[in-house]
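In: Please work out how this folds:
(chains A and B)
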Amino acid sequence: MNRMDDDQLDAALRRFLVAESEVVASRAVSEFEMVDRLNVVARRPWDRRIIVLLAAALLLAAAAGAAIVGSGLIRETPQVDHAVPRLLGAAICPSGFADEVVMSVTMGTGNEATPYSEITLYRDGELLSKPATGTPTVRWLSPSGIERVVERASAVQVDGNCRSVPAARPYGSMYVETSDGFFAVSWGSDPGTQLHPTTPSEKAAVEELDNWLAGLDEWLTGSDLIDATPDPYVADRWSVRIQRVCCGHSDPAAPDAADFTFPDGSTLTTFGIALPISDPSDPSATSERCGLVAGSIGQEIKASLDATGLQNADYSGWLFTEGGESGPDIVVQLAALDPHSRGCLDVLDQPPPVPSASPDPLSEADPCSILTDEQVTDALGRSVSGEAHLSGLPGGMRDCVYFAGASNAYMVVSIRQLTTSVEDGRELARELFGTDLSETVQGDDRVYTNRCADAPLPCDAAIAISHAPYFVVLSSAVPWEATPDQALRLLSPIAIESLATP
Amino acid sequence: MNQKRPAGQAGEAVIDRPTVELESFVSEHYGRLLRLAGLICHSVTDAEDAVQAGLERAWRKRGSLNDESRLRPWLDRIVVREAIRTGSRRPDHGELPADAVGPNRADEWAGLRIAFAELSPPQRAALVLHLYAGYPVSTTAEILGAPVETIRSRLRLGRERLRELLAEGVDR
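Out: Numbering: from 1, shown residues only, chains lettered A, B, ... in the order given. The predicted model follows:
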């Protein structure tokens, strides 16, 4: 081979590396194994040809408010073999707001192209605006201003509460307190699978809402504001969070945690209070310490951490090591708190887990026992195999996901929750499919189908059977022939009955 | 809209935001990470071990990653460093040439494959991240935890070494 210049060599290397990477991929036959101590899915076979997957449940406790499962934030050009179905885009009602919050809005997906911006309105009229870039500001609304904002925000004409609605903007979500409870809606260009049909007027309504929120400053009038001049927001309290993450250093060159002390003389192992550990018997469990400090002290801590030059962008904090090579990472994170927020101390408000006196009979039910692979293969016209997963459906127990890789066809059988009455089942169906659904009686069961066949916006065919004690939902990105009939044959009460035996 | 205000629960997202769970996490990144690690380790088996160890570590530490837009370089960093460690422990040149490819591809890339295997794992990692993964030199340096000048040096020395090996006729 003749001697090549850098460009020629780089070009050859690129082609070679691409070819070699395919060799690697074609020869890999491993299983991905997640050890039990992580308290997550214990083991799953890895099929390289079809990366079947199935977003379903949420990141343990951290994301109880997720509305769009498996979409958005981290899908940076996923290099999977096939597109992955994002299941069950029905929204989950948000929670976790301080009692003083009247309205909370988040817009943007959080990536570089569309960073987050936030608006929070408090009961006392404080309006905190955090733009995607620039300094957070505060203004104060008059009582009539609060009323006008809440009235406009809650006037969005969307059927049902906590909906996730397709829209042109990347992502937005809003929670607003109303006289009879609250109204929440999220919207975005990637809202996940839709079982609840969306009408064009609903799409238009959330896009108007998005525009209104983006122009809120201009919309407010003089009488809405006590002080029209926005002030820079200066947090009067900071949260200091210290995580001890087992084991093995992300960056062995990071400094030893013992070398850092806080202004009060405490160290990374003594500062603040220790937060409860999810599993005290697990030596690999992440432990945390937390403390709140005055704004001036927070600034001082930040300055001393900055002075170490250790800031680690990956962790949005400062990274230290502890112990030898296999010791834990110590991550320090500082956050200027919003008004009324308790920051990392919020975890202390969590109620202790209540042990269940008797195991839920549904917890052991296997949704993959309802339909065989052959039945779903026949229905979809594509070869599939089912895998059980935690449910992505709000309130769901477990899903069986049948995914036909290349064609992006999927079918999900989801066991929802215990139903004890016709009304319970109807309410669940309305929550999932909207009020415009079809209800038929099949023996002792009620069968509900959504109206996706005629929906002008993306919507997946879905059918639910309320068959006490089960409420089973079948959905598919690909319409099956004679939708209700074939689905009913598939999801026959006889098949469901087989689940009910304890 | 007759629901009561949701009870405040600590530790939950303030508002609903997209997120993922383990299997999505694995499925989105496993294939890419395996390719990266395989090119650096020069061994599929070692690459699988490196990705397994790296993903386990990343999953345990995911709560520390506040800026999810940085997930990809963060994962790459963890797995690539694991792959370098694994590759450095292996005295031979790995297994890829043995029965990896059919005769046509073997003929096409045999020389470069042998030469590439002669590079040190850090040199391979720099070339793989820069030329295959497409990271700029600065990001490559960040992922490998080395100064930019060190990465430039590894790229330059890696290219020089490849030229030498190819000129010596390893591409027979």
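In: Show the average pLDDT along the helix or strand where B:Val51 lies.
Out: Here B:Val51, judged by DSSP states H and E, is contained in helix B:44-61. Helix B:44-61 shows a mean pLDDT of 80.
In: Whether it contacts chain A - can you check?
Out: Yes - using C-beta under 8 Å from any C-beta of the partner chain, helix B:44-61 comes into contact with chain A via B:Val44, B:Ala47, B:Glu48, B:Val51, B:Gln52, B:Leu55, B:Glu56, B:Arg57, B:Trp59, B:Arg60, B:Lys61. In short, each C-beta sits where N, CA and C put it, glycine included.
In: What are the boundaries of the helices in the stretch 351-500 of chain A?
Out: A:373-380, A:422-433, A:483-490, A:493-500 (DSSP state H, counting those that start in this stretch).
In: need the least confident one among the ones you listed, by mean pLDDT.
Out: helix A:493-500 (a mean of 52).
In: Make CSV out of the residues of helix B:44-61 next to chain A and add neighbour count.
Out: Below are those laid out as CSV (neighbours: other C-beta atoms under 10 Å in any protein chain shown):
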residue, neighbour count
B:Val44, 23
B:Ala47, 31
B:Glu48, 24
B:Val51, 32
B:Gln52, 22
B:Leu55, 23
B:Glu56, 19
B:Arg57, 22
B:Trp59, 16
B:Arg60, 22
B:Lys61, 23
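In: possible to save those as TSV with distance to A:Gly125?
Out: Shown next, in TSV, are these (distance: C-beta to C-beta, whole Å):
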residue	distance to A:Gly125
B:Val44	62
B:Ala47	58
B:Glu48	58
B:Val51	53
B:Gln52	54
B:Leu55	48
B:Glu56	49
B:Arg57	47
B:Trp59	43
B:Arg60	43
B:Lys61	41
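In: Any part of stretch A:272-281 near chain B?
Out: No - Stretch A:272-281 is not in contact with chain B by C-beta under 8 Å from any C-beta; minimum separation 9.5 Å.
In: If we go by neighbour counts, what in that stretch is buried?
Out: In terms of neighbour count (16 or more other C-beta atoms under 10 Å in any protein chain shown), stretch A:272-281 has its buried residues at A:Gly272, A:Leu275.
In: can you check stretch A:426-443 too?
Out: Neighbour-count burial for stretch A:426-443, with 16+ other C-beta under 10 Å as criterion, is recorded at A:Arg426, A:Leu428, A:Ala429, A:Arg430, A:Glu431, A:Leu432, A:Phe433, A:Gly434, A:Leu437, A:Glu439.
In: Out of those, which comes closest to A:Val165?
Out: Among the buried residues of stretch A:426-443, A:Gly434 lies closest to A:Val165 (C-beta to C-beta), at 11.3 Å.
In: for the closest one, what are its contacts?
Out: A:Asp159, A:Gly160, A:His196, A:Pro197, A:Asn450, A:Arg451 (C-beta atoms under 8 Å, 6 or more residues apart in numbering or on different chains).
In: anything in stretch B:134-148 near chain A?
Out: Yes - for stretch B:134-148, a contact with chain A is found by C-beta under 8 Å from any C-beta, at B:Gly145.
In: What subset of the contacts of A:Gly434 is buried?
Out: Looking at the contacts of A:Gly434 with 16+ other C-beta under 10 Å, the buried ones turn out to be A:Asp159, A:Gly160, A:His196, A:Pro197, A:Asn450, A:Arg451.
In: Spatially, which residue comes closest to the third one, not counting chain neighbours?
Out: Which is A:His196. A:Gly434 (4.6 Å; C-beta to C-beta, 6 or more residues apart in numbering or on different chains).
In: Please tell me how far that neighbour sits from B:Ile84.
Out: 53 Å (C-beta to C-beta, to the nearest Å).
In: And for A:Ala303?
Out: 35 Å.
In: Compare the two and say which is more crowded by neighbours.
Out: B:Ile84 (20 against 10; other C-beta atoms under 10 Å in any protein chain shown).
In: May I have the secondary structure class of that one?
Out: On the three-state scheme (DSSP: H, G, I helix; E, B strand; the rest coil), B:Ile84 is labelled helix.
In: Over to B:Thr139?
Out: Secondary structure, three-state DSSP: B:Thr139 is helix.
In: give me the element the closest residue to it other than its chain neighbours is part of.
Out: Leaving aside its sequence neighbours, B:Thr139 sits nearest to B:Pro73 (C-beta to C-beta, 6+ apart; 6.3 Å). Taking DSSP H and E as the criterion, B:Pro73 maps to helix B:71-89.
In: Counting neighbours, which bits of that helix end up buried?
Out: B:71-84, B:86-87.
In: can you list contacts of it?
Out: A:74, A:76, A:250, A:314, B:29, B:33, B:36-37, B:40-43, B:46-47, B:49-51, B:53-55, B:57-58, B:65, B:94, B:120-122, B:124-125, B:128-129, B:133, B:135, B:139, B:142-145.
In: Buried ones from those residues, can you make that a PyMOL selection?
Out: To isolate the buried members of the contacts of helix B:71-89 in PyMOL, using 16+ other C-beta under 10 Å:
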select buried, (chain A and resi 74+76+250+314) or (chain B and resi 29+33+36+37+40+41+42+43+46+47+49+50+51+53+54+55+57+58+65+94+121+122+124+125+128+129+133+135+139+142+143+144)
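In: show me what contacts residue 119?
Out: Using chain A here. With C-beta under 8 Å, 6+ apart, A:Ile119 has these contacts: A:Met103, A:Ser104, A:Val105, A:Leu127, A:Leu128, A:Ser129, A:Lys130, A:Leu213, A:Leu216.
In: look at chain B instead
Out: Per C-beta under 8 Å, 6+ apart, neighbours of B:Leu119: B:Leu127, B:Gly158, B:Arg161, B:Leu162.
In: can I assume the third one sits in a helix?
Out: I take that to be B:Arg161. Yes - applying three-state DSSP, one finds B:Arg161 inside a helix.
In: Who's the closest spatial neighbour of it, skipping the chain neighbours?
Out: Nearest to B:Arg161 is B:Leu119, by C-beta to C-beta, 6+ apart, at 6.0 Å.
In: any idea of the pLDDT on the one you found?
Out: Note on B:Leu119: pLDDT of 88.
In: least confident pick among the buried residues of helix B:71-89?
Out: Lowest confidence among those: B:Gly87, with 69.
In: and the closest residue to A:Pro232 other than its chain neighbours, helix, strand or coil?
Out: In space, and not counting its chain neighbours, A:Pro232 is closest to A:Thr135: 5.1 Å by C-beta to C-beta, 6+ apart. When classified by three-state DSSP, A:Thr135 comes out as coil.
In: Isn't A:Thr135 up against A:Tyr233?
Out: Yes - judged on C-beta atoms under 8 Å, A:Thr135 makes contact with A:Tyr233 at a distance of 7.4 Å.
In: the more surrounded of these two?
Out: A count of neighbours by other C-beta under 10 Å puts A:Tyr233 above the other of A:Thr135 and A:Tyr233, at 17 against 12.
In: Which strands or helices does the helix or strand encompassing A:Met174 pack on?
Out: Following DSSP H and E, one finds A:Met174 within strand A:171-178. With contacts defined as 3 or more C-beta pairs under 8 Å, 6 or more residues apart in numbering or on different chains; DSSP states H and E, strand A:171-178 has these neighbours: strand A:101-107, helix A:143-153, strand A:181-188, helix A:200-214.
In: CA atoms only for it, dumped as CSV, please.
Out: This file holds the C-alpha atoms of strand A:171-178, laid out as CSV (Å, rounded to 0.1, in the frame of the first residue of the first chain):
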residue,chain,number,x,y,z
TYR,A,171,-42.6,19.8,24.4
GLY,A,172,-44.6,21.6,27.0
SER,A,173,-46.6,20.8,30.1
MET,A,174,-48.8,22.8,32.4
TYR,A,175,-50.4,22.3,35.8
VAL,A,176,-52.8,24.9,37.0
GLU,A,177,-54.9,24.9,40.2
THR,A,178,-58.6,25.4,39.6
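In: Tell me how many other residues surround B:Arg163.
Out: That count, for B:Arg163 with other C-beta under 10 Å as the rule, works out to 18.
In: try the one 3 residues further on
Out: Neighbour count of B:Leu166, defined by other C-beta under 10 Å: 20.
In: again, but for A:Val472
Out: A:Val472: 22 neighbours (other C-beta under 10 Å).
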